[in-house]
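K.L.:
just need the structure, nothing else, for what follows:
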Amino acid sequence: NAPREDMRSYVCGQCHAEYYFEPETKRVVFPWDKGLKPQDMYAYYKEVPSGFGMDWQHPDSLGKMLKAQHPDFELASQGVHAKSGVSCADCHMPYMRQDGRKYTSHWVTSPMKHIQASCRTCHTQSEQWLLERVVTTQKHVFDLQHTAGLTIARAHQAIAKVRTVPAPNINQKELDAARELVRNAQWLWDFIAAENSMGFHNPDQTLNTLGQSIDLAHQAIAAAGRAAGTNH
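P.N.:
Residues are numbered from 1 along each chain as shown. Below is the predicted model of the structure:
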């Protein structure tokens, strides 16, 4: 019953999305019950749906980690283009004309490779201006993503150091909190890192998500310090 423009995105969202395999049945499940934003999905995963507790365990922090797949649909669907009625196909499979015939391109690739067809049907600026806007946005995202990744790595290392403290001296509550915080931080980082637009599908949400990731990683480092008794 969805409108045609929505269907032009749903067909892509069947695969270009976050999902997990239900442990017993291996059924593919989209974790969207609480919403499409990364923190909505994290809240969903915290409830251990169908017994799904983690994708892998980090060897240093021993945290139960989640691995994002490629949540292009979720990030794009909350962005300005989708909110303006633009579908995935409008940008990645734009209309072309050849020999007087109009057809949908099946060269599913970056819109930057055919800006005239993908972008300039709506935008009046030059191809160079549009390209520079994309590159600038992606650079800002990459820089913040790199910072988030380094901070998360420090958090894992800080938690790992707690394991060198004699067991009776470890504050287990703070250690558990540190692992939960770094799990959340890495999920937010990975949500952006695994998505294919380097943030351009939704720049505002992307930068906000990476900012939250950095903050959570710093909180994890502080909690690890309290667990080891090295800060209060």
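K.L.:
in the protein, which spans are helices?
P.N.:
Ranges of helices in the chain, per DSSP state H, are 4-13, 38-46, 72-77, 80-83, 88-92, 115-118, 127-162, 172-194, 203-228.
K.L.:
buried deepest among these, which one?
P.N.:
Highest mean neighbour count among the helices of the chain (mean count of other Cβ atoms under 10 Å): helix 72-77, with a mean of 25. C-betas here are computed from N, CA, C, even on glycine.
K.L.:
can you list contacts of that one?
P.N.:
With contact meaning Cβ atoms under 8 Å, 6 or more residues apart in numbering, helix 72-77 is reached by 9, 12-13, 16-18, 32, 36-38, 41, 82, 88, 191-192, 195-197, 201-202, 205-206.
K.L.:
now the helices of the chain in TSV, with mean pLDDT?
P.N.:
Formatted as TSV, the helices of the chain follow (pLDDT from 0 to 100):
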stretch	mean pLDDT
helix 4-13	93
helix 38-46	98
helix 72-77	97
helix 80-83	94
helix 88-92	95
helix 115-118	93
helix 127-162	97
helix 172-194	98
helix 203-228	98
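K.L.:
roughly how far does Gln138 sit from Glu22?
P.N.:
Distance, Gln138 to Glu22, by Cβ to Cβ, to the nearest Å: 35 Å.
K.L.:
in terms of pLDDT, where does His232 sit?
P.N.:
Note for His232: predicted pLDDT of 50.
K.L.:
for His218, which non-adjacent residue is closest in space?
P.N.:
Excluding the flanking residues, the one nearest His218 by Cβ to Cβ, 6 or more residues apart in numbering is Thr151, at 6.5 Å.
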